[in-house]
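here is my input, please return the structure:
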Amino acid sequence: MCAQQSTFRTGRNVTTFIELGVDQDMVDALAERGITEAFPIQEQTIPLAISGQDIIGQAKTGTGKTFGFGLPVLQRIGKDPEPGVQALIVVPTRELCVQVYEDLELATKNRNATVVPIYGGKAYEGQIDQLKAGAQVIVGTPGRLLDLANQRLLDLKNVREMVLDEADKMLDLGFLADIEKLFSMTPAVRHTMLFSATMPGTIVTLARRFMSNPIHIRATDPDEGAAQANIEHIIYRAHSLDKDEIIGRILQSEGRGKTVIFMRTKRAAAKLQEELSDRGFPAAAVHGDLNQDQRERAMAAFKSGKKDILVATEVAARGIDVDDVTHVINHTVPDDDKTYLHRVGRTGRAGRTGIAVTFVDWDDMHKWALINNALEFGIAEPVETYSSSPHLFTDLNIPEGTKGRLKATPVKDGPPRGGRGGADRRGGSSRGSASGSSADSGEGEKREGSTRTRRRTRSANPRGSGRHETHGHEQHGHDLEGGSEPGASLDPAPESEGTTAPRRRRRRRRTGGSGEASGASNTDAQATESTATE
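Here you go, the predicted model:
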């Protein structure tokens, strides 16, 4: 949750976990990671939760809610609990499931309780084996939990501790019916806690139905308001074709650490990740077009610092629990003020400061007007900003003369990058990755090359013309000098050297690019047919 939270507690009396009544073994486990002092939400919830009081906890993201409910849950089931599911923690996203699991796993280091993450995108077998082995604490997403419960592989009849985390997000994702089904599978008498950043009427209704005399706790920090005071909010009205260049320059600002860039769609996230990698920036991506293993590898690379830029869609945001994010960039303005706060809440965590930059398109000014009014920013007209605007450099502490591409990345020199994008890709980034943007990240050159081999058949493309020479290559190999050399097909030199071999009936279609017939020729009629097949 917050491996260094004790380092950043200032301006108030310090409370330790032992003073809150937490068992010594868990206090020691947390202390080994430098976690010794409690956050406000933890101070208020832990003693009540340990006593068995139902709680509705309301606090912004990044304030320590996981230990606020996790430590009491682990303490109430005991140091050596009986086998079988006794505690159920329900979260909305896979990323958050992994995060909560890791925090509770840390807390149980010195006790025999077993914590298991249950979520989609992973094989059933391993999760089922852990359940059969007698795991006592389950952290899971609604869909996979219900799936296993309906198959009678997950038994919830002995659950005595239940937690709903990020309840408002679960409602936004349409999980209300699933949550009600999960509640119905647990005993009527149990200890229940519900945590949510906001408290809409549906959450209140849910609490009344399934909780017993809950206490509503709202924890605040000195830096907490409608928009956190420790986050600097910078709003620009930017042109969509210039955003990639602006971002490239922001990523070179002085003092920048880990950065999260939020995109509206999965395709846009994949395209930007590829564009940034092409510009020389170590970027990872998390979005719905990636399988679970790819998403987890991307998150692991970001958390470890191997890649310090994460391009993400909104759904993935709830699982980004990284304390040292310095910048958040909204590539497009969020739909509403709640989404805005959830996004920018990735920075300024654990008492640190952060910078949130938001781009507002001309067509989205109505959305910004609503956010501006709700959060009282007083920025009715965001300043029009381009990658060359002087105020961009001063606002974000960007060195003068910085361009949106790292110097180490070859631009005009070096091998070609598939013939697209050019040296300056401002305004051309969408063209440079228009084909198959959801492919594996970080493989820009290889991916574009393979795509051209697979799809393009115009006569102007040597690879395209080579595809229609398949049988000339197979039966007249003596005419194809050097035809197997991979680089030869990229050279747009004259192709015809007097070769007049008659066309033969096509037997099959080439799909690979390993043996392009770059040295062979096509007649005009053949080129015409090639274009017609596209």
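
use CA for all of it now, contacts and neighbours both
Will do.

what are the ranges of the strands in the stretch 151-300 of the chain?
For the stretch 151-300 of the chain, the strands defined by DSSP state E, counting those that start in this stretch occupy 161-164, 191-196, 215-218, 231-238, 258-263, 283-286.

who are the packing partners of the first one?
For strand 161-164, the packing partners by 3 or more CA pairs under 8 Å, 6 or more residues apart in numbering; DSSP states H and E come out as strand 87-90, strand 191-196.

now stretch 394-410: mean pLDDT?
Mean pLDDT, computed over stretch 394-410, is 83.

hmm, who's touching that stretch?
Residues outside stretch 394-410 that contact it (CA atoms under 8 Å, 6 or more residues apart in numbering): 244-250, 252-254, 278-281, 392-393.

now the buried members of these.
244-250, 252-253, 278-281, 392-393 (16 or more other CA atoms under 10 Å).

among these, which lie within helices?
Within those, residues falling in helices by DSSP state H are 244, 245, 246, 247, 248, 249, 250, 278, 392, 393.

what about the strands in this protein?
Secondary structure of the chain (DSSP state E): strands located at 55-58, 87-90, 115-118, 137-140, 161-164, 191-196, 215-218, 231-238, 258-263, 283-286, 309-313, 325-330, 354-360, 383-385.

mean neighbour count, those strands: which tops it?
Ranked by mean neighbour count, those are led by strand 283-286 with a mean of 29 (mean count of other CA atoms under 10 Å).

ok, the residue nearest to residue 333 when sequence neighbours are not counted - contacts?
The shortest distance from residue 333 to any non-neighbouring residue, by CA to CA, 6 or more residues apart in numbering, is to residue 360 (5.4 Å). For residue 360, the contacting residues are 235, 236, 237, 238, 332, 333, 368, 382, by CA under 8 Å, 6+ apart.

which residues does residue 360 form a beta bridge with?
On the basis of DSSP bridges, residue 360 is bridged to residue 237.

looking at it, residue 178 is touching residue 144, isn't it?
No - contact criterion CA atoms under 8 Å: residue 178 and residue 144 do not qualify, at 10.3 Å.

measure the closest residue to residue 305 other than its chain neighbours to residue 264 for me?
Take residue 305 and drop its neighbours on the chain: the residue closest to it by CA to CA, 6+ apart is residue 258, 7.6 Å away. Taking CA to CA, to the nearest Å as the measure, residue 258 and residue 264 are separated by 20 Å.

also residue 241?
For residue 241, the distance to residue 264 - CA to CA - is 16 Å.

next one: residue 256
23 Å.

just residue 322 next, same as before
Separation of residue 322 from residue 264 (CA to CA) stands at 21 Å.

the two: which is more packed in?
Per other CA atoms under 10 Å, whichever of residue 322 and residue 264 has more neighbours is residue 322, with 20 against 17.

so which helix or strand of the protein has the lowest pLDDT on average?
helix 429-432 (a mean of 37; mean pLDDT, DSSP states H and E).

just to revisit the earlier point, among the ones in helices among the buried ones among the contacts of stretch 394-410, which one lies nearest to residue 126?
Proximity to residue 126 was ranked across these by CA to CA; first place goes to residue 278, at 37.5 Å.

so, low pLDDT: which residues of the stretch 251-400 of the chain?
Residues of the stretch 251-400 of the chain meeting the criterion pLDDT under 70: 315-320, 350-351.

ok, and the closest non-adjacent residue to residue 167?
residue 196 (5.1 Å).

same deal with residue 334?
Nearest to residue 334 is residue 340, by CA to CA, 6+ apart, at 5.6 Å.

which residues are in contact with that neighbour?
Contacts of residue 340 (CA under 8 Å, 6+ apart): 333, 334, 371.

for residue 183, state which of those is nearest.
Lowest distance from residue 183 to the contacts of residue 340 (CA to CA) belongs to residue 334, with 32.4 Å.
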